[in-house]
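J.: coordinates only, sequence not included:
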Ligand SMILES: Nc1ncnc2c1ncn2[C@@H]1O[C@H](COP(=O)(O)OP(=O)(O)OP(=O)(O)O)[C@@H](O)[C@H]1O
């Protein structure tokens with residue numbers, strides 16, 4: 001579905017943020033990219049979603065294919081039309097708009113079936129249904145993250161890009177995010193998630209990549225990565241803690257939750 005072939009990215013005259021990076025994200029799968037601060041995770045997401053130039057970045061080489069067709073060089077609107085939606089880091093919801101207005105803002109303008117998309121979003125995130133008339137600023141951090149994810153789903157993407165969805169959230173809420181990612185996959189949308197929280201990301205993912213200084217240093221199935229010494233020591237605290245989180249994958253979707 002998504003194939004990133006050897007892309008290199010640079011901002012200004014600085015060192016490359018991505019160096020000949022290869023990655024694949026398959027249909028119906030969750031693909032995780034983990035790595036520390038500055039590894040290049042957000043840059044990868046920005047490159048795939050077409051927003052890189054708005055942030056002063058440029059693709060210096062390589063190509064990005066979606067369903068076998070080149071998509072690098074397309075802008076974000078064209079990419080949403082092709083089926084790629086991006087939920088950027090930092091829960092950027094429109095604070096003064098209501099939950100429903102935020103969701104409507106995520107629907108592609110060409111779509112007539114916004115009502116059906118709203119109903120789906122409310123079915124998946126009941127807490128948003130209950131608060132549809134509230135301004136987003138009144139939601140908790142976890143609820144705002146849910147709103148950001150639900151808004152991304154409003155364009156009915158085939159691939160959802162999630163940038164650090166667990167950032168700054170309490171462990172219980174991180175657990176909910178993991179469950180939601182599994183639910184999204186269950187609904188047929190592929191997910192590419194970048195995370196510093198490797199335990200959560202590798203617990204819900206099918207495949208994964210470890211990024212360091214703009215390069216892929218390890219890749220494999222999520223199970224393989226969880227078992228490596230490098231991932232254990234660097235990202236999972238050496239305790240096998242990801243195993244505890246595996247229950248995400250088997251759990252039925254939550255009917256209702258609040259952060
Ligand atoms: N807009 C920008 N202008 C200049 N340099 C940037 C910009 N955005 C990112 N960088 C640099 O690119 C490199 C990769 O940053 P990126 O934000 O992609 O990493 P990350 O893995 O997402 O880290 P974090 O978890 O801290 O967001 C870093 O060296 C960073 O300083």
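T.: Now that the structure is in, tell me what you want to look at. Since we're looking at a predicted model, the values are computed, not measured.

J.: would you list every one of the strands in the stretch 51-200 of the chain?
T.: In order along the chain, the stretch 51-200 of the chain carries the following strands (DSSP state E, counting those that start in this stretch): 57-66, 69-70, 84-87, 159-163, 190-195.

J.: In JSON lines, list these along with mean neighbour count and distance to the ligand.
T.: To be clear about C-beta, it is placed using only N, CA and C from the backbone, and glycine gets the same treatment. Converted to JSON lines, the strands of the stretch 51-200 of the chain look like this (neighbours: other Cβ atoms under 10 Å; distance: least, Cβ to the nearest ligand atom, whole Å):
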{"stretch": "strand 57-66", "mean neighbour count": "17", "distance to the ligand": "6"}
{"stretch": "strand 69-70", "mean neighbour count": "10", "distance to the ligand": "22"}
{"stretch": "strand 84-87", "mean neighbour count": "25", "distance to the ligand": "13"}
{"stretch": "strand 159-163", "mean neighbour count": "24", "distance to the ligand": "7"}
{"stretch": "strand 190-195", "mean neighbour count": "27", "distance to the ligand": "7"}
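
J.: now the one residue sitting closest to the centre of the chain, nearest residue through space, not along the chain?
T.: Centroid-nearest residue in the chain, with Cα atoms, centre = their mean: residue 162, separated by 1.2 Å. With Cβ to Cβ, 6 or more residues apart in numbering as the measure, residue 193 is the residue that lies nearest to residue 162, at 4.3 Å, once sequence neighbours are left out.

J.: and that neighbour, what does it touch?
T.: Applying Cβ atoms under 8 Å, 6 or more residues apart in numbering, we find residue 193 in contact with 30, 31, 32, 33, 161, 162, 165, 181, 201, 204, 205.

J.: Show me what it is bridged to.
T.: As for beta bridges, residue 193 partners with residue 32, residue 162 under DSSP bridges.

J.: still on that earlier bit, wait, isn't the residue nearest to the centre of the chain in contact with residue 146?
T.: No. With contact defined as Cβ atoms under 8 Å, residue 162 does not count as touching residue 146 (11.8 Å).

J.: Quick check: the closest residue to the ligand within the stretch 101-250 of the chain vs residue 210, distance?
T.: Of all residues in the stretch 101-250 of the chain, the one sitting closest to the ligand is residue 196 (5.6 Å; Cβ to the nearest ligand atom). Shown here: residue 196 relative to residue 210, a distance of 12 Å by Cβ to Cβ, to the nearest Å.

J.: Overlap in contacts, the two.
T.: Counting by Cβ under 8 Å, 6+ apart, the residues touching both residue 196 and residue 210 are 34, 35.

J.: Compare these two (neighbour count), which wins?
T.: Relative neighbour count places residue 210 above the other of residue 196 and residue 210, with 24 against 16, counting by other Cβ atoms under 10 Å.

J.: Confirm for me that the more buried one is in contact with residue 231.
T.: Yes. With contact defined as Cβ under 8 Å, residue 210 and residue 231 form a contacting pair (6.5 Å).

J.: Overlap of the contact sets of the two?
T.: Shared contacts of residue 210 and residue 231, counting by Cβ under 8 Å, 6+ apart, come down to 34, 218, 225.

J.: what would these look like in JSON lines with distance to residue 122, secondary structure and pLDDT?
T.: As requested, these are arranged in JSON lines below (distance: Cβ to Cβ, whole Å; DSSP: H, G, I helix; E, B strand; the rest coil; pLDDT from 0 to 100):
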{"residue": "34", "distance to residue 122": "31", "secondary structure": "strand", "pLDDT": "94"}
{"residue": "218", "distance to residue 122": "39", "secondary structure": "strand", "pLDDT": "93"}
{"residue": "225", "distance to residue 122": "35", "secondary structure": "helix", "pLDDT": "92"}
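
J.: Top of those residues by number of neighbours, please.
T.: residue 34 (28 neighbours).

J.: In this protein, where's the longest helix?
T.: Criterion DSSP state H: the longest helix present in the chain is helix 171-186.
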